[in-house]
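**Q** The following comprises the amino acid sequence and a computationally predicted model.
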Amino acid sequence: RADLALYQAKDAGRDTLRFYDPKMQAAVSARAALELDMRTGLAQGQFELYYQPQIDHGRIIGAEALLRWRHPRDGFVSPAHFIPLAEETGLILPLGEWVLKTACQRLASWALQPALAPLSLAVNVSPRQFHQSGFVAQVLAALAGAGVDGRQLKLEMTEGLLLEDVEDTIDKMGQLKGYGVGFSLDDFGTGYSSLSYLKRLPLDQLKIDQSFVRDVLTDPNDAAIARTVVALGTSLGLRVIAEGVETEAQREFLERHNCHAWQGYLLSPPLPVAEFEALVHRTNAVDGLPPQA
Ligand code: C2E
Ligand code: MG
Ligand code: MG
Ligand code: MG
């Protein structure tokens, strides 16, 4: 490789060879810059939660909180880009705590408005965040600090998180469940979790990954997987929600196969809070009457 310079490291002792790869070096400094930017961004309030509605029988029953970062120079940065790095560097710990606190404060403000009070709010939790030692206390402090009932809060976790330390996972989920906190298994079907975990873990919901929803009408395998996840979840007493629903035909397919709820661009992308609240009022009000309890 032409860009690979081989040199003898002066301070690393005799006979130690190190490889120096300028491309790799550039990648390392880009990551360091991003990490620094994230720290600054968190301190300066550049992060924001957006809310995507979750729908059951035409009514908005809750939302998923999705993190947005408005970088002063680069503009909008996708969570798909910065969450993995935040997870690697450990910045997910303060960032995740901020998300939990902000979500609970949002629930507290909804609790004061009859049309919004029944909504649940789902928060994404990443593995490092969940497995840190004080996680349960952190969630309880966020709930208590905002004066919010744990039953309004759902935590979305991926299969990878469950696999990392099953005993720790079961213990923490059990503790939080005692306060009413719900658990949804995100991106279900894309990970490597064994079906036996589904019965051991106190889950409330499976979320069918959008990769199965996308071609559900044209790919018989995706259709089979979607139907099977609904049947599996339902048999285990879990609710099943589909993500990434973009067309009426996809929604109709899922409804016909008894999927309980859905979210996706068909109704709305994730929205800033004021727009989300306005959408709830419009969608849930029937004939101008306030929504039923
Ligand atoms: P996720 O939790 O699976 O979220 C679903 C993603 O699909 C979101 O992307 C959402 O905006 C997008 N989406 C929703 N409806 C549709 C649709 O109809 N079609 C398509 N094509 N996409 C749709 P987003 O907001 O970019 O988030 C990406 C991922 O970043 C999330 O995947 C989640 O894993 C992670 N993430 C976002 N916010 C947080 C957070 O606060 N904490 C943690 N730990 N992770 C987060
Ligand atoms: Mg999610
Ligand atoms: Mg998902
Ligand atoms: Mg997904």
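**A** Arrived safely, thanks for sending. This is a predicted model, so every value here is computed, not measured. Ligands and ions are numbered 1, 2, ... in the order given.

**Q** In this structure residue 82 contacts residue 70, no?
**A** No - if you go by C-beta atoms under 8 Å, residue 82 and residue 70 don't touch, sitting 11.8 Å apart. Heads up, the C-betas are built off the backbone N, CA and C, glycines and all.

**Q** So which of these two has more stuff around it?
**A** residue 82 (22 against 13; other C-beta atoms under 10 Å).

**Q** After the helix or strand hosting that one, which helix or strand is next? Please name it.
**A** In this assignment (DSSP states H and E), residue 82 forms part of helix 79-89. Where DSSP H and E defines the elements, the next helix or strand beyond helix 79-89 is helix 92-111.

**Q** next SSE after that next one?
**A** Using DSSP H and E, the helix or strand that follows helix 92-111 in sequence is strand 120-124.

**Q** Just the angle for that following strand relative to helix 92-111, thanks.
**A** 170 degrees (axes from the mean of the first three to the mean of the last three C-alpha atoms, to 10 degrees).

**Q** ok, residues contacting stretch 29-45?
**A** Residues outside stretch 29-45 that contact it (C-beta atoms under 8 Å, 6 or more residues apart in numbering) are 46, 47, 69, 71, 82, 85, 86, 89, 91, 94, 95, 98.

**Q** and if we set it to 6 Å?
**A** Stretch 29-45 has contacts (C-beta atoms under 6 Å, 6 or more residues apart in numbering) with 85, 89, 91.

**Q** Can you give the distance of it from its chain's centre?
**A** From the chain centre to the centre of stretch 29-45 is a distance of 21 Å (C-alpha atoms, centre = their mean, to the nearest Å).

**Q** Show me which residues of it are buried.
**A** Residues 34, 35, 37, 38, 41, 42 are the ones in stretch 29-45 that count as buried (16 or more other C-beta atoms under 10 Å).

**Q** just to revisit the earlier point, from the contacts of stretch 29-45, list the buried ones, please.
**A** Neighbour-count burial (16+ other C-beta under 10 Å) applied to those gives 89, 91.

**Q** Go through the contacts of stretch 29-45 and name the one nearest residue 208.
**A** Nearest to residue 208, judged by C-beta to C-beta, of those is residue 85 at 27.3 Å.

**Q** which bits of the stretch 1-150 of the chain sit near ligand 1?
**A** By C-beta under 6 Å from any ligand atom, the part of the stretch 1-150 of the chain that sits against ligand 1 consists of 52, 66, 67, 78, 79, 80, 83, 96, 99, 124, 125, 126.

**Q** State the three-state secondary structure for the second one.
**A** Spelled out, it's residue 66. When classified by DSSP: H, G, I helix; E, B strand; the rest coil, residue 66 comes out as strand.

**Q** Could you check how many residues crowd around the nearest residue to residue 215 once chain neighbours are set aside?
**A** Nearest non-adjacent residue to residue 215, counting by C-beta to C-beta, 6 or more residues apart in numbering: residue 222, 4.9 Å away. Using other C-beta under 10 Å, residue 222 has 18 neighbouring residues.

**Q** Check residue 21 too.
**A** So residue 21, with other C-beta under 10 Å, has 13 neighbours.

**Q** per-residue confidence for it?
**A** Residue 21 is assigned 77 on the pLDDT scale.

**Q** repeat for residue 292
**A** 52.

**Q** Make a ChimeraX selection of the buried ones in the residues of the stretch 1-150 of the chain next to ligand 1.
**A** Remark: buried members of those, expressed as a ChimeraX selection using 16+ other C-beta under 10 Å:
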select :52,66,67,83,96,99,124,125,126
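
**Q** Tell me the one among the residues of the stretch 1-150 of the chain next to ligand 1 nearest to residue 211.
**A** Nearest to residue 211 among these, with distances taken as C-beta to C-beta, is residue 80, at 13.7 Å.

**Q** tell me the pLDDT at the closest one?
**A** pLDDT recorded at residue 80 is 93.

**Q** Equivalent analysis for residue 185, please.
**A** On the pLDDT scale, residue 185 gets 95.

**Q** now it, what's its secondary structure?
**A** Three-state call for residue 185 (three-state DSSP): strand.

**Q** For it, give me its contacts.
**A** Under the criterion of C-beta under 6 Å, 6+ apart, the neighbours of residue 185 are 203, 206.

**Q** how near is it to residue 226?
**A** Residue 185 is 15 Å from residue 226, where distance means C-beta to C-beta, to the nearest Å.

**Q** The helix ranked longest in the chain to helix 92-111, inter-axis angle?
**A** As assigned by DSSP state H, the longest helix anywhere in the chain is helix 22-43. With the same axes, to 10 degrees defining the directions, helix 22-43 sits at 40 degrees from helix 92-111.

**Q** Okay, angle between the very next helix or strand once past helix 22-43 and helix 22-43 too, please.
**A** Moving toward the C-terminus from helix 22-43, the next helix or strand (DSSP H and E) is strand 47-56. For strand 47-56 against helix 22-43, the angle by the same axes, to 10 degrees is 80 degrees.
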